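Colleague: got a sequence here, can you model it:
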Amino acid sequence: MARKQSDYLTSLLSDDQSVDPEMTAITDGISRALERPRGTTLLNRENALARVAKGEVRQVTQLLLDPARVRVWPGNARTYAHLDADNCRELIDSIVAEGGQKVPAVVRRIEDDPDHDYEVVAGTRRHWSIAWLRAHDYPDMQFLAQVAQLDDEAAFRLADLENRARADVSDLERACNYLAALSTHYNDHQSRMAERLKVSKSWLSKMLKVATIPDMVVGAFASPAEISLRSGYALAHALDDHANASAIAGMARVIAGEQAQRRIDGIPPFPPADVLRRLLDAPRLSSGEDKPDLFSFSNKYGRTVLSLQSINRQGATIRIHAGSGAEPDHLVEALRTLLDHLEATGRGLSR
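Modeller: Got it, this is the predicted structure:
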């Protein structure tokens, strides 16, 4: 029995590119037009095609590419060097089981590189996995990509949207990516960046703060992925004090050496909560104090806004300092930072 015309047109516009690598897939409006009830008329289908011709419906080109001819855009938060067969195993197995990549990556064409024709904007893990499969028994596997015309700022926003849904992109990776983008795309205007990314200013401010943690301190953790927004913000805030920073850096070197030895001995690394606690306790230990680790929050002029006086099982004593010039919103931010600090160090008041 001959297929209906609508079925035939649908097959032509499907995402399956196995017949023609440079086939154009027409999405959105066409798909909706074809997904109407069985009473859809030829006139309706002709109207859908006419909308494409007028530019009302976007055409999206999908290609099957050799991953070796595609480079990774450095503006993406994901660290390509951290990818391996273990953390990409689920995706690799899925590609093999389905006979190829089904969800296209997003790439853009480049002209200034004789070794590459495109660069990946979104889909770094897919690119790595296809390249790995080609080197491991699947030499004919190809990289499915959707070609888009994007400037760097639009590419950054697209990659960020995809990475927000990815649990394997760490807070620290995203924070460092945001810090780089702040000057590259937004002229150091945090408000403009928050507006473009559709995130709150306070959340973005915390992410940018986490990105200031030195590599030496990050090296104390078994993996950068272990630094969350909450713990990273508490650590970055503690590093603002120069005396604290010196003690924390010294402790980070000690922990990093211990972590390396544990890897050699085949012993699991220290849990991230233990590493964080040792780093935040370093200033107190280096000064010989045995009282609870106090916490203070200062404004940009160096004036103390809020400080933790004591904490025990009955509660915490917090002092709000007079004369700091802090507005109510700043006091709320200071209190939230203190609560994050207590939670990150295992002394949250909700316990």
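
Colleague: tell me the domain boundaries of the chain?
Modeller: Domain assignment for the chain, taken from automatic domain parsing, gives 5-57, 64-169, 170-211, 213-289, 291-351.

Colleague: need those domains in a markdown table with mean neighbour count and mean pLDDT, can you?
Modeller: Quick note: C-beta positions are derived from backbone N, CA and C, even for glycine. Listed next are those as a markdown table, based on neighbours: other C-beta atoms under 10 Å; pLDDT from 0 to 100:
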| stretch | mean neighbour count | mean pLDDT |
| --- | --- | --- |
| domain 5-57 | 13 | 45 |
| domain 64-169 | 17 | 87 |
| domain 170-211 | 17 | 91 |
| domain 213-289 | 17 | 87 |
| domain 291-351 | 14 | 76 |
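
Colleague: wait, doesn't residue 321 sit right on residue 299?
Modeller: No. Here residue 321 does not reach residue 299: they are 10.0 Å apart, not a contact under C-beta atoms under 8 Å.

Colleague: and the longest helix for this protein?
Modeller: helix 242-264 (DSSP state H).

Colleague: how long is stretch 62-81 end to end?
Modeller: Counting by C-alpha to C-alpha, to the nearest Å, you get 26 Å between the two ends of stretch 62-81.

Colleague: which residues of the stretch 201-350 of the chain fall in strands?
Modeller: For the stretch 201-350 of the chain, applying DSSP state E, counting those that start in this stretch gives strands covering 295-298, 304-312, 315-320.

Colleague: the shortest one pairs with which strands, parallel or anti?
Modeller: This means strand 295-298. strand 304-312 (antiparallel) (DSSP bridges).

Colleague: just want the angle from the strand it pairs with to strand 315-320.
Modeller: 160 degrees (axes from the mean of the first three to the mean of the last three C-alpha atoms, to 10 degrees).

Colleague: identify the residues contacting strand 304-312?
Modeller: With contacts defined as C-beta atoms under 8 Å, 6 or more residues apart in numbering, strand 304-312 is touched by 292, 294-299, 316-321, 324, 326, 330-331, 334-335, 338, 342, 347.

Colleague: now with 7 Å, please.
Modeller: With C-beta atoms under 7 Å, 6 or more residues apart in numbering as the test, strand 304-312 has contacts from 292, 294-299, 316-321, 324, 326, 330-331, 334-335, 338, 347.

Colleague: repeat for stretch 235-244
Modeller: Contacts of stretch 235-244 (C-beta under 7 Å, 6+ apart): 209, 210, 212, 213, 245, 248, 276, 279, 280, 283, 337.

Colleague: which of these sit farthest apart?
Modeller: Pairwise distances among those were taken by C-beta to C-beta; the largest, 19.4 Å, belongs to 210 and 283.

Colleague: check the offset of stretch 203-222 from the chain's centre.
Modeller: 14 Å (C-alpha atoms, centre = their mean, to the nearest Å).

Colleague: show the end-to-end separation of that stretch, please.
Modeller: 26 Å.

Colleague: equivalent analysis for stretch 134-142, please.
Modeller: The first-to-last residue distance of stretch 134-142 comes to 8 Å (C-alpha to C-alpha).

Colleague: same check on stretch 186-195?
Modeller: Stretch 186-195 end-to-end distance (C-alpha to C-alpha) = 11 Å.

Colleague: go on, stretch 81-95?
Modeller: By C-alpha to C-alpha, the extent of stretch 81-95 from end to end equals 21 Å.

Colleague: do a quick rundown of the helices in the stretch 101-250 of the chain.
Modeller: Here the stretch 101-250 of the chain has its helices, by DSSP state H, counting those that start in this stretch, at 124-135, 152-164, 171-186, 190-197, 201-210, 215-218, 229-238, 242-264.

Colleague: distance to residue 311 added to these, as TSV?
Modeller: Formatted as TSV, those follow (distance: least, C-beta to C-beta, whole Å):
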stretch	distance to residue 311
helix 124-135	42
helix 152-164	34
helix 171-186	26
helix 190-197	32
helix 201-210	22
helix 215-218	24
helix 229-238	14
helix 242-264	18
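
Colleague: of all the ones you listed, which one comes closest to residue 98?
Modeller: Minimum separation from residue 98 across these (C-beta to C-beta) falls at helix 124-135, 12.1 Å.

Colleague: helices or strands up against the closest one?
Modeller: On a contact count with 3 or more C-beta pairs under 7 Å, 6 or more residues apart in numbering; DSSP states H and E, helix 124-135 meets strand 70-72, helix 89-97.
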